[in-house]
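Novice: give me the fold of what follows.
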Amino acid sequence: MASYITRLKKREEVAAGTMAFHWEKPFGFNFKPGHFISLTLIDPPETDAEGNVRAFSIASAPYEDDLMIATRMRDTAFKRTIKTLTLGAEIQIQGPFGSLTLHDDSTRPATLVAGGIGITPFRSILLQAAEKRLLHHLFLFYSNRRPGDAAFFAELEKLEKINPNYKFVPTMTDRSESGSQWRGESGYIDKNMLAKFITNLAEPIYYVAGPPAMVKAMKTLSSDTGVKEDNIRAEEFAGY
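Specialist: Next up is the predicted model:
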C-alpha cells in the first residue's frame, strides 16, 4: 500500500454545502479515473469518534496537475479540520484503490448514475474520456434536489460540446426548490427515465455512485430490465 505526504494547494466551494480540495499530486502517484484514496489528518487540533481517516474518490482526471477531492461539509472534527487547513498544510494519502473504472470495450456503452456527491469519480472518468478521445458512448444521469446542490454542473454540461459521444441528463428531485427556470428532468432516476435516452437498457455497463438507498434502487434494474447483475458496478457514498 503506497503512502504519500502531500500539501493543500487550494479549496473552493463547488455547490451548496460542498467543497473541493486541491492537493499537490505526489511524484510517482498514478491512478485510473474512478479510483479513490484514503486521507489521514496529521496531528489534527481535534478528533472525534469517527476518527482522522476518510476515503474519498479522486475527482480530478489523471491528466490534471492537481489531485482533487470534493465532499459534503458535515459538522465533524475531520471536516472542520480540513475546512480550516492553511494552504501548504500537509496530509497523508494512501492508494489508489477501487474498481469503479471504465471498461475497456468501447463497443459497450457506459451509463453513469450519480446521486449528489457520488459525481466525484465520474468527473474523473468523463474528463479523461474527453481528453483521450475515447470512443465509448457515455450517458451521465445526475440526481440532485436542486441545481445549486449539483457539484461541477456547468463543467459536466460543457463536456457535451467537447465529446460527441457523451450525453448529460441532470434531474432534480425537489421541483418546489428547483426554481421556475429549471427545464430539465425531474424526479428520481428510474427505468422510465433511463429508457428515454437509452434504446436498449440491457446493452450498457452501469456505474452507480451515491447514497445507499439510490444504489439499492438502481440494482433492481437487473430484475426489471434484463440488465445482468455483473454489468452493474456500484459504490456507496454514506455519511458524506
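Novice: hey, let's count contacts and neighbours off CA atoms from now on
Specialist: Noted.
Novice: the host helix or strand of Ala217: which residues count as buried?
Specialist: Taking DSSP states H and E as the definition, one finds Ala217 inside helix 212-219. For helix 212-219, burial by neighbour count (16 or more other CA atoms under 10 Å) applies to 212, 214-215, 218-219.
Novice: give me the three-state assignment for the residue most central in space within the chain.
Specialist: Here the mean C-alpha position of the chain is nearest to the C-alpha of Thr120 (CA atoms, centre = their mean), at a distance of 2.0 Å. Here Thr120 is recorded as helix under DSSP: H, G, I helix; E, B strand; the rest coil.
Novice: from Glu90, how far out is it?
Specialist: As defined by CA to CA, to the nearest Å, Thr120 lies at a distance of 22 Å from Glu90.
Novice: now Asp174. Nearest residue, chain neighbours left out?
Specialist: In space, Asp174 comes closest to Arg145 once its chain neighbours are excluded; the distance is 5.0 Å by CA to CA, 6 or more residues apart in numbering.
Novice: which ones are touching the residue of the chain most remote from its centre?
Specialist: Relative to the mean C-alpha coordinate of the chain, counting by CA atoms, centre = their mean, the farthest residue is Pro45 (29.0 Å). Pro45 sits next to Thr81 when contact means CA atoms under 8 Å, 6 or more residues apart in numbering.
Novice: kindly report the same for Ile125.
Specialist: Under the criterion of CA under 8 Å, 6+ apart, the contact list for Ile125 reads 33-34, 61, 101-102.
Novice: ok, back up a step: for the residue nearest to the residue nearest to the centre of the chain when sequence neighbours are not counted, grab phi and psi.
Specialist: Leaving out its chain neighbours, the residue that sits closest to Thr120 by CA to CA, 6+ apart is Ala59, at 4.5 Å. When quoted as degrees, to the nearest 10, the phi and psi of Ala59 stand at phi -90, psi -20.
Novice: sec struct for Trp182, please.
Specialist: On the basis of three-state DSSP, Trp182 is classed as coil.
Novice: against Thr171, how distant is the closest residue to it other than its chain neighbours?
Specialist: Of all residues not flanking Trp182 in the chain, Pro147 sits nearest, at 7.9 Å (CA to CA, 6+ apart). With distances taken as CA to CA, Pro147 is found 9 Å from Thr171.
Novice: so for these two, which residue has more residues nearby?
Specialist: More crowded of Pro147 and Thr171, by other CA atoms under 10 Å: Thr171, with 25 against 20.
Novice: check contacts around that one.
Specialist: Thr171 is in contact with 141-144, 184-189, counting by CA under 8 Å, 6+ apart.
Novice: can I take it that it is in a strand?
Specialist: Yes. Thr171: assigned to a strand according to three-state DSSP.
Novice: which ones are touching the residue nearest to it when sequence neighbours are not counted?
Specialist: Counting by CA to CA, 6+ apart, the nearest residue to Thr171 once its immediate chain neighbours are dropped is Glu185, at 4.5 Å. For Glu185, the contact set (CA under 8 Å, 6+ apart) comprises 169-172.
Novice: Glu185 and Asp75: what is the separation?
Specialist: When CA to CA is applied, the distance between Glu185 and Asp75 equals 32 Å.
Novice: was I right to think Gln128 contacts Gly34?
Specialist: No. Between Gln128 and Gly34 there is no contact, the gap being 10.3 Å when judged by CA atoms under 8 Å.
Novice: in terms of neighbours, single out the busier of those two.
Specialist: Neighbour comparison, Gln128 and Gly34: the larger count goes to Gly34, with 25 against 19 (by other CA under 10 Å).
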